[in-house]
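1. Show me the folded form of this:
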Amino acid sequence: MEHALNNETTRDRGVRRIFRKLLLTVTCYLPLIPSKGVRPWLCRLAGVNIIEPRSVLIGDGVRFDEISPNLISIGRNVRITSGTVILTHFLDTKYIPTPDKPFQFLNGEVRICDNVFIGVNTVIARPVTIGEGAVVGASSVVTKDIPPNAIVVGSPARVIGERPAMKRVD
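-> Predicted structure coming up:
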């Protein structure tokens, strides 16, 4: 009996993974889906943690990690432009390979705080936090945390400036 329960659990996980992959593929490759509102809701259904989908814009061709989308969290008023790739898994370069296991991958959380702008064709490829109000320039590769209100560009992304902090309305 216990063996049957484990198979059912494995089967359920497989069905959920297929459902996530289908939703993430639809959101990435169907340009007719509205970038604001609908696309973020579909990503949320696929497991991406989006706090307020109505305030988030996700452009065409944005790809989220299909292995662990639940490790991605997106704050309010975030703009993720076309072609961006967000990965939660990465190659462990400190792993000592063996003939039967030449590579090892690790998972980590990607956290995008409120009011962040991510430029076209950016790659976020490690567990990182992108601070509130940050701007990531086009075609950047983010592999380290970005401080709040920083402007970053390049591969790897590096700070080139700072934006004024957002005024709080009380």
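
2. Now for E66, how many residues are close by?
-> Residues lying near E66 (other Cβ atoms under 10 Å) number 19. The way it works is simple: take the backbone N, C-alpha and C, and place the C-beta from them, glycine included.

3. ugh, typo on my part, it should be I130
-> Residues near I130, counting by other Cβ under 10 Å: 27.

4. And V15, by the same measure?
-> By other Cβ under 10 Å, neighbour count at V15 equals 10.

5. Look at it and tell me its secondary structure.
-> Secondary structure for V15, judged by DSSP: H, G, I helix; E, B strand; the rest coil, is helix.

6. what about it, distance to G131?
-> The spacing between V15 and G131, counted by Cβ to Cβ, to the nearest Å, is 37 Å.

7. OK, contacts around M166?
-> For M166, the contacting residues are 115, 132-133, by Cβ atoms under 8 Å, 6 or more residues apart in numbering.

8. for P40, helix, strand, or coil?
-> helix.

9. so it makes contact with F64?
-> No: using Cβ atoms under 8 Å, P40 is not in contact with F64; the gap is 11.0 Å.
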